[in-house]
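Enquirer: Here you go, sequence then predicted model.
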Amino acid sequence: MLDDATKQELAGKQHWSPELVEELAQAHTNGRVGSRLVSETDEYRIWLITMPPGARLPFHTHVLNYFWTATSEGRALSRYADGTVREMDYTVGLTQHMHFAAGESMTHDLENIGDTVLCFTTVEDKRSANAPLPLDKSA
């Protein structure tokens, strides 16, 4: 959760509306790291992300080791819990692996700022040092 001072600091940064700051404050329990969960076993969660231009994946928190692979080209912006904002260009096949020690996490959003549909596959390893965040089954 974010304290009031952190909320005020983030609200003063570029790209941080009061709605984004409030969404971030609630994101520590949001384990929906993709648009659609397509498979879940005792070992893995596999997500698809499909984002038309202008679409945004809300703030979510990663606690599990995972990797993502871009399955289309495009450009996106991510905002991170520490206030960092990064823009990135994606090419088909670009892959990144992330690892989290016990108690570590990363919270961010993803916004398609390009003019093409942006797609990813994300695979989370539930055998990581942290327990998976519960998923809201109604979403």
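Expert: Thanks, I have it.
Enquirer: Tell me the helix or strand right after the helix or strand of the chain with the lowest mean pLDDT.
Expert: None of the helices or strands of the chain scores lower by mean pLDDT, DSSP states H and E than helix 4-11, at a mean of 62. The helix or strand immediately downstream of helix 4-11 is helix 18-26, counting by DSSP states H and E.
Enquirer: Can you point out the buried residues in that next one?
Expert: By 16 or more other Cβ atoms under 10 Å, the buried positions in helix 18-26 come out as Leu20, Val21, Glu23, Leu24, Ala25. C-beta coordinates here come from the backbone N, C-alpha and C atoms, glycine included.
Enquirer: tell me the mean pLDDT for it?
Expert: Helix 18-26 shows a mean pLDDT of 90.
Enquirer: could I have it exported to PDB, CA atoms only?
Expert: The C-alpha atoms that make up helix 18-26 are tabulated as PDB, following Å, rounded to 0.1, in the frame of the first residue of the first chain:
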ATOM      1  CA  PRO A  18      -5.000  10.700  -9.300                       C
ATOM      2  CA  GLU A  19      -6.800   7.700 -10.700                       C
ATOM      3  CA  LEU A  20      -3.500   6.000 -11.600                       C
ATOM      4  CA  VAL A  21      -2.100   6.700  -8.200                       C
ATOM      5  CA  GLU A  22      -5.100   5.200  -6.500                       C
ATOM      6  CA  GLU A  23      -5.000   2.100  -8.800                       C
ATOM      7  CA  LEU A  24      -1.300   1.700  -7.900                       C
ATOM      8  CA  ALA A  25      -2.200   1.900  -4.200                       C
ATOM      9  CA  GLN A  26      -4.500  -1.100  -4.700                       C
END
